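> sequence below, structure please.
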Amino acid sequence: MNIKEDKIIANINNILYKWFPKKTFIETAKIDNYPILPEEKKLVINAVSKRKKEFSTGRWLSRKGLKYFGFPETEILTGYLKNPIWPDKINGSISHDNKLCTVVIMKKIPFLTNIGIDIIYFPKYSNKLKYLESMFVINKNEIDIMDKFGLNIDSSTILFSVKESIIKAISSEINNFIDMRDIKIFYENKKIQFIIQNKKPNVDIFAGISYNYLITAVKIYN
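Sure, this is the predicted structure:
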């Protein structure tokens, strides 16, 4: 790994540490072949090499996180929506794009029910998502709201990533396919919020940039 990648990784971690509680495990690594456990290998046995590397990096980082909280070495399997299944006392989220994978893991605490993160290597998506807006945008207001983050990148990319973070945060509870157009982003009481299935949870939504990576995160409260 070169010096620039080290700086990107350190900066991604620092951004995430500002958004989550102090005792959260946060780590980013270059995507590569990492050791995974037998039951995990079965989940990607027919996958292409790129997917296997992404999967093994996420699982390897996740087991480091569980070990940090005192959990024994154990397989991290997947749910119906391909979401990682965490131990009962854990909230976690995995994201990867381009060369990097990031994991956030924390013990469940009162009032904070779910978390989700997403990272995007945005040069790959620069202005391309504008042509796909019909697949994830409900109305123009959602795009305009992304300007409130004050980031100097395409607002469509930010919205797409925010909705990815939301899906990761709620997938274990909904346990069904989630269309991005089912998630409505709005701005109220000086906060970016969302509605899904007529439910309006209490949330914090974040977005930041580390070099060419966009990072978004969602925290959902009781």
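> for stretch 29-44, the averaged confidence score.
Mean pLDDT, stretch 29-44: 96.
> swap that for stretch 204-222, sorry
96.
> check stretch 71-88 too.
The model assigns stretch 71-88 a mean pLDDT of 91.
> give me the distance between the two termini of that stretch.
In stretch 71-88, first residue to last residue: 11 Å (C-alpha to C-alpha, to the nearest Å).
> buried stuff in stretch 142-153?
By 16 or more other C-beta atoms under 10 Å, the buried positions in stretch 142-153 come out as Glu142, Ile143, Ile145, Met146, Phe149, Leu151, Ile153. Quick note: C-beta positions are derived from backbone N, CA and C, even for glycine.
> and which of the residues you listed is nearest Ile196?
Each of the buried residues of stretch 142-153 was scored against Ile196 by C-beta to C-beta, and Glu142 proved nearest at 13.2 Å.
> my read is that Leu100 contacts Glu27, right?
No: using C-beta atoms under 8 Å, Leu100 is not in contact with Glu27; the gap is 10.8 Å.
> can you count the residues close to the residue lying closest to Tyr221 once chain neighbours are set aside?
Spatial nearest neighbour of Tyr221, chain neighbours left out: Asn202 (4.3 Å); criterion: C-beta to C-beta, 6 or more residues apart in numbering. When neighbours are defined as other C-beta atoms under 10 Å, Asn202 has 13 of them.
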